[in-house]
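Student: Just the structure for this:
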Amino acid sequence: MAAVVPFSDFEALEEAADVMSAREAEAVLAEGGTTVTLAELFTELDGEAA
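Tutor: I've put the predicted structure just below:
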């Protein structure tokens, strides 16, 4: 399915998704969750794809 929406609406939706992701990450860190570097993340994802 596809939809035609104004670009400004798409940007607002994208910004909201970024804010939600940031809030989720902050909550994980506040609970003492672990972190990884971007390089570690890419290495792990590359290993899963193989």
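
Student: can you give me the helices for this protein?
Tutor: With helices called from DSSP state H, the chain shows them at 7-30, 38-49.

Student: okay, the ones you listed in CSV with distance to residue 1 next?
Tutor: Glycine gets a C-beta too; all of them are placed from N, C-alpha and C. Formatted as CSV, the helices of the chain follow (distance: least, C-beta to C-beta, whole Å):
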stretch, distance to residue 1
helix 7-30, 15
helix 38-49, 28
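
Student: worst average pLDDT in those helices?
Tutor: Lowest mean pLDDT within the helices of the chain: helix 38-49, a mean of 88.

Student: Now do that helix: everything it contacts.
Tutor: Identification of contacts with helix 38-49 by C-beta atoms under 8 Å, 6 or more residues apart in numbering yields residue 36.

Student: So which residue is dead centre in this structure?
Tutor: residue 21 (5.2 Å; C-alpha atoms, centre = their mean).

Student: From residue 46, how far off is that one?
Tutor: Distance of residue 21 to residue 46, given as C-beta to C-beta, to the nearest Å: 22 Å.

Student: Also residue 26?
Tutor: 27 Å.

Student: just residue 15 next, same as before
Tutor: Counting by C-beta to C-beta, the gap from residue 15 to residue 46 is 29 Å.

Student: and if you look at residue 16?
Tutor: Taken as C-beta to C-beta, the span from residue 16 to residue 46 is 30 Å.

Student: so what pLDDT did the residue of the chain most remote from its centre get?
Tutor: When distances to the mean C-alpha position of the chain are computed (C-alpha atoms, centre = their mean), the maximum falls on residue 4, with 23.7 Å. Listed pLDDT for residue 4 reads 90.

Student: Can you pull the phi and psi angles for it?
Tutor: phi -100, psi 120 (degrees, to the nearest 10).

Student: and it, how far is that from residue 40?
Tutor: Taken as C-beta to C-beta, the span from residue 4 to residue 40 is 39 Å.

Student: Just list the residues touching residue 1, thanks.
Tutor: Contacts for residue 1 (C-beta under 8 Å, 6+ apart) come out as none.
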